[in-house]
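Chemist: make a model of this:
(2 chains)
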Amino acid sequence: GESVGLHLPTLSVQEGDNSIINCAYSNSASDYFIWYKQESGKGPQFIIDIRSNMDKRQGQRVTVLLNKTVKHLSLQIAATQPGDSAVYFCAEIHPYGGATNKLIFGTGTLLAVQP
Amino acid sequence: DVKVTQSSRYLVKRTGEKVFLECVQDMDHENMFWYRQDPGLGLRLIYFSYDVKMKEKGDIPEGYSVSREKKERFSLILESASTNQTSMYLCASSFDRGYEQYFGPGTRLTVT
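Modeler: Here you go, the predicted model:
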(Lines give C-alpha, C1' and ligand atoms only; values in the text may rest on other atoms or scores of the structure.)
Protein backbone atom coordinates (compact mmCIF):
# COMPACT_ATOMS: atom_id res chain seq x y z
CA GLY A 1 0.00 0.00 0.00
CA GLU A 2 0.95 3.65 -0.21
CA SER A 3 2.99 5.29 2.50
CA VAL A 4 1.03 8.52 2.68
CA GLY A 5 -0.39 7.51 6.07
CA LEU A 6 3.00 7.14 7.74
CA HIS A 7 4.03 9.73 10.32
CA LEU A 8 0.53 11.16 10.49
CA PRO A 9 -1.66 11.76 13.54
CA THR A 10 -4.20 8.97 13.68
CA LEU A 11 -7.81 9.03 14.78
CA SER A 12 -9.22 5.61 15.55
CA VAL A 13 -13.00 5.29 15.82
CA GLN A 14 -15.55 2.52 16.06
CA GLU A 15 -17.84 1.89 13.12
CA GLY A 16 -21.06 3.83 13.63
CA ASP A 17 -19.51 6.49 15.86
CA ASN A 18 -19.08 10.10 14.81
CA SER A 19 -15.60 11.30 13.83
CA ILE A 20 -14.16 14.77 14.26
CA ILE A 21 -10.98 15.66 12.42
CA ASN A 22 -9.31 18.97 13.24
CA CYS A 23 -7.09 21.30 11.30
CA ALA A 24 -5.34 24.55 12.15
CA TYR A 25 -4.69 26.90 9.26
CA SER A 26 -1.99 29.47 8.97
CA ASN A 27 -3.19 32.55 7.15
CA SER A 28 -5.93 34.75 8.58
CA ALA A 29 -6.46 36.17 5.07
CA SER A 30 -7.38 32.78 3.60
CA ASP A 31 -10.89 33.00 2.23
CA TYR A 32 -11.72 29.46 1.18
CA PHE A 33 -11.14 26.03 2.66
CA ILE A 34 -11.47 22.49 1.36
CA TRP A 35 -11.41 19.05 2.91
CA TYR A 36 -9.96 16.22 0.85
CA LYS A 37 -10.03 12.49 1.42
CA GLN A 38 -7.20 10.28 0.18
CA GLU A 39 -7.64 6.54 0.15
CA SER A 40 -4.70 4.22 -0.11
CA GLY A 41 -3.33 4.16 -3.65
CA LYS A 42 -5.49 7.02 -4.90
CA GLY A 43 -5.25 10.76 -5.38
CA PRO A 44 -7.03 13.18 -3.01
CA GLN A 45 -10.76 13.45 -3.54
CA PHE A 46 -12.81 16.59 -2.81
CA ILE A 47 -15.25 16.17 0.09
CA ILE A 48 -16.61 19.57 1.05
CA ASP A 49 -15.64 23.23 0.99
CA ILE A 50 -16.48 26.36 2.97
CA ARG A 51 -15.94 30.05 2.37
CA SER A 52 -14.68 32.39 5.05
CA ASN A 53 -18.04 34.19 5.30
CA MET A 54 -19.60 30.99 6.67
CA ASP A 55 -19.22 29.18 10.00
CA LYS A 56 -20.75 25.86 9.04
CA ARG A 57 -21.58 23.86 5.96
CA GLN A 58 -23.24 20.48 5.72
CA GLY A 59 -23.01 17.77 3.13
CA GLN A 60 -24.05 14.18 3.06
CA ARG A 61 -22.91 12.75 6.45
CA VAL A 62 -20.23 15.45 6.68
CA THR A 63 -20.17 18.86 8.30
CA VAL A 64 -17.37 21.41 8.18
CA LEU A 65 -17.03 24.02 10.92
CA LEU A 66 -14.89 27.12 10.59
CA ASN A 67 -13.69 29.20 13.53
CA LYS A 68 -11.87 32.20 12.13
CA THR A 69 -11.07 33.62 15.56
CA VAL A 70 -8.68 30.78 16.33
CA LYS A 71 -7.99 29.77 12.70
CA HIS A 72 -9.44 26.33 13.18
CA LEU A 73 -11.31 24.04 10.82
CA SER A 74 -13.00 20.73 11.62
CA LEU A 75 -14.60 17.95 9.64
CA GLN A 76 -17.32 15.93 11.28
CA ILE A 77 -18.32 12.59 9.81
CA ALA A 78 -21.56 11.10 11.08
CA ALA A 79 -22.00 7.34 11.53
CA THR A 80 -18.47 6.54 10.40
CA GLN A 81 -18.19 3.57 8.05
CA PRO A 82 -15.24 1.35 7.11
CA GLY A 83 -15.17 3.06 3.71
CA ASP A 84 -14.34 6.32 5.48
CA SER A 85 -10.91 4.97 6.43
CA ALA A 86 -8.45 7.26 4.68
CA VAL A 87 -6.15 10.23 5.15
CA TYR A 88 -8.01 13.53 5.42
CA PHE A 89 -6.40 16.83 4.43
CA CYS A 90 -7.58 20.34 4.95
CA ALA A 91 -6.48 22.96 2.45
CA GLU A 92 -6.70 26.73 2.51
CA ILE A 93 -6.71 29.13 -0.39
CA HIS A 94 -4.34 32.02 -0.08
CA PRO A 95 -5.51 35.09 -1.97
CA TYR A 96 -2.56 34.73 -4.27
CA GLY A 97 -3.43 37.35 -6.82
CA GLY A 98 -2.97 36.87 -10.50
CA ALA A 99 -4.81 34.24 -12.49
CA THR A 100 -4.59 31.33 -10.10
CA ASN A 101 -4.95 30.86 -6.38
CA LYS A 102 -2.70 28.61 -4.39
CA LEU A 103 -3.89 25.74 -2.20
CA ILE A 104 -1.92 25.19 0.99
CA PHE A 105 -2.40 21.67 2.34
CA GLY A 106 -2.19 20.48 5.90
CA THR A 107 -0.16 17.34 6.54
CA GLY A 108 -3.25 15.21 7.07
CA THR A 109 -4.91 12.93 9.62
CA LEU A 110 -5.29 9.21 9.22
CA LEU A 111 -8.79 8.02 10.11
CA ALA A 112 -8.91 4.35 11.04
CA VAL A 113 -12.37 2.85 11.42
CA GLN A 114 -12.57 -0.22 13.61
CA PRO A 115 -15.33 -2.74 12.79
CA ASP B 1 -17.34 13.40 -13.85
CA VAL B 2 -14.03 15.13 -14.07
CA LYS B 3 -11.28 12.78 -15.02
CA VAL B 4 -7.60 13.45 -14.50
CA THR B 5 -5.31 10.71 -15.73
CA GLN B 6 -1.59 10.21 -15.27
CA SER B 7 0.53 8.22 -17.67
CA SER B 8 1.96 5.75 -15.17
CA ARG B 9 1.05 4.50 -11.70
CA TYR B 10 4.55 3.22 -10.94
CA LEU B 11 7.84 4.19 -12.52
CA VAL B 12 11.41 3.19 -11.76
CA LYS B 13 14.25 5.23 -13.24
CA ARG B 14 18.00 5.46 -12.80
CA THR B 15 19.89 8.46 -11.49
CA GLY B 16 20.63 10.90 -14.29
CA GLU B 17 17.82 9.76 -16.57
CA LYS B 18 15.38 12.25 -18.06
CA VAL B 19 11.88 11.52 -16.85
CA PHE B 20 8.55 12.64 -18.27
CA LEU B 21 5.35 12.48 -16.26
CA GLU B 22 2.22 13.14 -18.26
CA CYS B 23 -1.14 14.38 -17.05
CA VAL B 24 -4.34 14.74 -19.04
CA GLN B 25 -7.68 16.21 -17.96
CA ASP B 26 -10.93 15.98 -19.88
CA MET B 27 -12.92 18.90 -18.44
CA ASP B 28 -11.44 21.82 -20.36
CA HIS B 29 -9.93 23.24 -17.15
CA GLU B 30 -7.68 26.26 -17.47
CA ASN B 31 -5.53 25.48 -14.44
CA MET B 32 -3.27 22.48 -13.95
CA PHE B 33 -0.90 21.66 -11.11
CA TRP B 34 1.92 19.28 -10.22
CA TYR B 35 2.53 18.29 -6.59
CA ARG B 36 4.78 15.84 -4.87
CA GLN B 37 3.68 14.03 -1.75
CA ASP B 38 6.11 12.72 0.83
CA PRO B 39 5.46 11.17 4.27
CA GLY B 40 5.43 13.83 6.96
CA LEU B 41 5.61 16.69 4.44
CA GLY B 42 2.18 16.56 2.85
CA LEU B 43 1.55 17.88 -0.64
CA ARG B 44 3.97 20.44 -1.99
CA LEU B 45 3.38 22.43 -5.14
CA ILE B 46 6.06 22.08 -7.81
CA TYR B 47 4.65 24.03 -10.76
CA PHE B 48 1.31 25.16 -12.04
CA SER B 49 -0.12 26.52 -15.26
CA TYR B 50 -3.15 28.74 -15.75
CA ASP B 51 -3.19 28.65 -19.54
CA VAL B 52 -1.60 26.99 -22.51
CA LYS B 53 2.13 27.76 -22.69
CA MET B 54 1.95 29.55 -19.33
CA LYS B 55 3.70 28.24 -16.25
CA GLU B 56 4.44 29.44 -12.75
CA LYS B 57 6.84 28.09 -10.14
CA GLY B 58 5.37 26.63 -7.02
CA ASP B 59 7.14 26.08 -3.72
CA ILE B 60 9.73 23.50 -4.83
CA PRO B 61 10.49 23.92 -8.55
CA GLU B 62 14.20 23.11 -8.37
CA GLY B 63 15.14 20.12 -10.46
CA TYR B 64 11.86 20.17 -12.40
CA SER B 65 10.43 21.80 -15.48
CA VAL B 66 7.00 21.67 -17.09
CA SER B 67 5.36 21.91 -20.47
CA ARG B 68 1.82 22.87 -21.42
CA GLU B 69 1.44 22.78 -25.19
CA LYS B 70 -2.23 21.84 -25.15
CA LYS B 71 -4.94 22.82 -22.71
CA GLU B 72 -5.69 19.28 -21.62
CA ARG B 73 -2.11 18.12 -21.09
CA PHE B 74 0.49 19.17 -18.52
CA SER B 75 3.85 17.45 -18.40
CA LEU B 76 6.37 17.36 -15.57
CA ILE B 77 9.98 16.85 -16.59
CA LEU B 78 12.89 15.77 -14.46
CA GLU B 79 15.89 16.73 -16.57
CA SER B 80 18.31 14.54 -14.61
CA ALA B 81 16.59 12.38 -12.03
CA SER B 82 18.11 12.14 -8.56
CA THR B 83 17.34 9.84 -5.65
CA ASN B 84 15.80 12.69 -3.65
CA GLN B 85 13.13 12.95 -6.33
CA THR B 86 11.76 9.57 -5.34
CA SER B 87 8.21 10.45 -4.39
CA MET B 88 4.51 10.27 -5.21
CA TYR B 89 3.65 12.79 -7.92
CA LEU B 90 0.12 14.10 -8.15
CA CYS B 91 -1.40 16.12 -10.96
CA ALA B 92 -4.51 18.26 -10.47
CA SER B 93 -6.72 20.54 -12.52
CA SER B 94 -9.29 23.20 -11.74
CA PHE B 95 -11.63 25.51 -13.56
CA ASP B 96 -11.97 28.38 -11.15
CA ARG B 97 -8.59 29.88 -10.27
CA GLY B 98 -7.47 26.96 -8.14
CA TYR B 99 -10.65 26.37 -6.20
CA GLU B 100 -11.71 22.73 -5.98
CA GLN B 101 -8.79 21.00 -7.61
CA TYR B 102 -9.40 17.55 -9.05
CA PHE B 103 -6.56 15.09 -8.63
CA GLY B 104 -5.24 12.22 -10.69
CA PRO B 105 -4.38 8.84 -9.13
CA GLY B 106 -0.70 9.68 -8.76
CA THR B 107 2.58 8.30 -10.09
CA ARG B 108 4.93 6.68 -7.64
CA LEU B 109 8.41 7.38 -8.96
CA THR B 110 11.44 5.56 -7.63
CA VAL B 111 14.90 6.78 -8.65
CA THR B 112 17.68 4.30 -8.00
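Chemist: and A:Thr69, how far is that from B:Ala81?
Modeler: Here A:Thr69 is placed at a distance of 46 Å from B:Ala81 (C-beta to C-beta, to the nearest Å). In this view, the C-beta of every residue, glycine as well, is placed from N, C-alpha and C.
Chemist: swap in A:Ala78?
Modeler: The span separating A:Ala78 from B:Ala81 equals 45 Å under the rule C-beta to C-beta.
Chemist: those two: who's more crowded?
Modeler: Using other C-beta atoms under 10 Å in any protein chain shown as the criterion, A:Ala78 and B:Ala81 rank with B:Ala81 on top: 21 against 14.
Chemist: what segments of chain A are strands?
Modeler: In chain A, strands defined by DSSP state E lie at A:10-14, A:19-24, A:32-38, A:45-51, A:56-58, A:62-67, A:72-77, A:86-94, A:102-105, A:109-114, listed in chain order.
Chemist: nearest to chain B, of those strands?
Modeler: strand A:102-105 (4.4 Å; C-beta to the nearest C-beta).
Chemist: strand partners of the lowest-mean-pLDDT helix or strand in chain A, parallel vs antiparallel please.
Modeler: Least confident helix or strand, chain A: strand A:102-105 with a mean of 82, by mean pLDDT, DSSP states H and E. Neighbouring strands of strand A:102-105 in its sheet, by DSSP bridges, are strand A:86-94 (antiparallel).
Chemist: pull the residues that contact the partner strand.
Modeler: Where contact means C-beta atoms under 8 Å, 6 or more residues apart in numbering or on different chains, the residues beyond strand A:86-94 that reach it are A:4-5, A:8, A:21, A:23, A:25-27, A:29-40, A:44, A:47, A:73, A:75, A:101-111, B:42-43, B:98-99.
Chemist: quick one: average confidence on it?
Modeler: Taken as a whole, strand A:86-94 has an average pLDDT of 90.
Chemist: same question, stretch A:24-39
Modeler: Average pLDDT, stretch A:24-39: 90.
Chemist: does chain B have contacts with it?
Modeler: Yes: counting by C-beta under 8 Å from any C-beta of the partner chain, chain B has neighbours in stretch A:24-39: A:32, A:34, A:36.
Chemist: by neighbour count, which of the residues you listed wins?
Modeler: Neighbours here are counted as other C-beta under 10 Å. On that basis the top member of the residues of stretch A:24-39 next to chain B is A:Tyr36, with 26 neighbours.
Chemist: pLDDT value on the closest residue to that one other than its chain neighbours, please?
Modeler: Spatial nearest neighbour of A:Tyr36, chain neighbours left out: A:Pro44 (3.9 Å); criterion: C-beta to C-beta, 6 or more residues apart in numbering or on different chains. A:Pro44 is assigned 94 on the pLDDT scale.
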